[in-house]
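K.L.:
Fold the following.
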Amino acid sequence: RRLEFLPRHFWPAIYFFFLFALLSTFRAPHPLESITQIMEFAFIFFVHLSVTLTLVKTPRMFQASVLLFLAGIMFGAVTAMAIGQVQGAGRTQIFYSNNPNRLGYPTAYSLPFILYMLTNLWRRSRLLALLVGAPVFYLMFWALTASGSRSATVGTLAALLVYLTFRGGLKVDLRSVFQLGLTAVAIGLLVYGMYRLELFPATLTTRIERSLAGEESLTYDRVNLAEAALLGIQESPFIGVGLDNFRYVARRYVWQATDQLPHNMWLQFMANIGIVGTLGFFAVIAGWFVWM
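P.N.:
Reported below is the predicted structural model:
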């Protein structure tokens, strides 16, 4: 069928995003990498989202899409468990990336959908819900702990807290505040139980303990990158150094910085494509959620 593109009110934001991404490419030490990411964003905006809008027209199609997405996540986690390829600090990698964080991220994305589907299944058959839910939850939390991803852990806790508190609807009152407190306590007890029972790899626990102890390799490198990004933005607030290119110039601003992108998405965008381009990207994301 004919593709349904994003509505016209998205176009100005997308235009400014691409305009400043292209202008920033002229400052890029590796312009090909910037152009590659520009093409990836073009695919997302004009193909990926268009296919989504065109095909996902019914609740059944939406559920089928989510199930396929979850199946892909499970496949990735199972292969990572079977292959057991690890990086430094014992962090398990997934087959499509050399960054162990990619193994843990899907847990944060998928848990609300998994909980929703298992709740519906529980109403039909409690035994089946338990038989399906137990291995799925173990696999998701194994992926999170084996990856050692602290950002995915924060995302998972936030996703669980928001979903369990507002699963009946987005109402902010005294009851929801009380529900939020109870949910936070329940999640805290769950995390403590997982920590004490040692059911999952200790990789994540070790990294969190080292972070809380202030180990430089796990804390100050983030600070140095953030400081370098702020200095880069201050030097050129409207034209960045090109998508995916700040890692090549980070040491120019803070010599202790590692050759990485800032570990904050908004600082990363502003350093790479400037403030106006970043506002364009933010407008697309905010507009999508308001529209949905």
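
K.L.:
And the helices in the stretch 1-150 of the chain?
P.N.:
11-25, 31-43, 49-55, 59-83, 101-124, 126-147, 150-166 (DSSP state H, counting those that start in this stretch).

K.L.:
centroid residue for this protein?
P.N.:
Among the residues of the chain, the one closest to the centroid is Y105, at 5.6 Å (CA atoms, centre = their mean).

K.L.:
With L190 as the reference, measure out to that residue.
P.N.:
As for Y105, its distance to L190 is 20 Å (criterion: CB to CB, to the nearest Å). Placement of C-beta: from N, CA and C, glycine included.

K.L.:
E4 too?
P.N.:
According to CB to CB, E4 and L190 sit 41 Å apart.

K.L.:
T206 now?
P.N.:
The gap separating T206 from L190 is 20 Å, by CB to CB.

K.L.:
Equivalent analysis for F18, please.
P.N.:
43 Å.

K.L.:
higher neighbour count, those two?
P.N.:
Neighbour count, other CB atoms under 10 Å: between F18 and L190, F18 has more, with 17 against 13.

K.L.:
Apart from its neighbours in sequence, what residue is nearest that one?
P.N.:
I38 (6.7 Å; CB to CB, 6 or more residues apart in numbering).

K.L.:
ok, now which ones touch the one you found?
P.N.:
Taking CB atoms under 8 Å, 6 or more residues apart in numbering, we find I38 in contact with 18, 21-22, 25, 243.

K.L.:
what's the neighbour count on R150?
P.N.:
So R150, with other CB under 10 Å, has 16 neighbours.

K.L.:
Please shift the residue numbers so they start at 46 in all later answers.
P.N.:
Done: numbering now begins at 46, and the last item shifts to R195.

K.L.:
Verify the contact between it and I253 for me.
P.N.:
Yes. Using CB atoms under 8 Å, R195 makes contact with I253 at a distance of 6.3 Å.

K.L.:
May I see the buried residues of the helix or strand M315 falls within?
P.N.:
For M315, the host element (DSSP states H and E) is helix 310-336. By 16 or more other CB atoms under 10 Å, the buried positions in helix 310-336 come out as 312-326, 328-329, 332.

K.L.:
can you state the direction angle for that helix and helix 56-70?
P.N.:
On the basis of axes from the mean of the first three to the mean of the last three CA atoms, to 10 degrees, helix 310-336 is oriented at 160 degrees to helix 56-70.

K.L.:
now for helix 310-336, which elements pack on it?
P.N.:
With contacts defined as 3 or more CB pairs under 8 Å, 6 or more residues apart in numbering; DSSP states H and E, helix 310-336 has these neighbours: helix 56-70, helix 261-280.

K.L.:
Please tell me how far I80 sits from A73.
P.N.:
In terms of CB to CB, I80 sits 9 Å off from A73.

K.L.:
Please say which of the two ends up with more neighbours.
P.N.:
Each of I80 and A73 has its neighbours counted (other CB under 10 Å); A73 has more, 21 against 17.

K.L.:
one step back: possible to save the contacts of I83 as JSON lines with pLDDT and distance to Q108?
P.N.:
Converted to JSON lines, those look like this (pLDDT from 0 to 100; distance: CB to CB, whole Å):
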{"residue": "F63", "pLDDT": "97", "distance to Q108": "33"}
{"residue": "A66", "pLDDT": "97", "distance to Q108": "35"}
{"residue": "L67", "pLDDT": "97", "distance to Q108": "39"}
{"residue": "T70", "pLDDT": "97", "distance to Q108": "40"}
{"residue": "L288", "pLDDT": "96", "distance to Q108": "34"}
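
K.L.:
Looking at the residues you listed, spot the one nearest L175.
P.N.:
L288 (45.6 Å; CB to CB).
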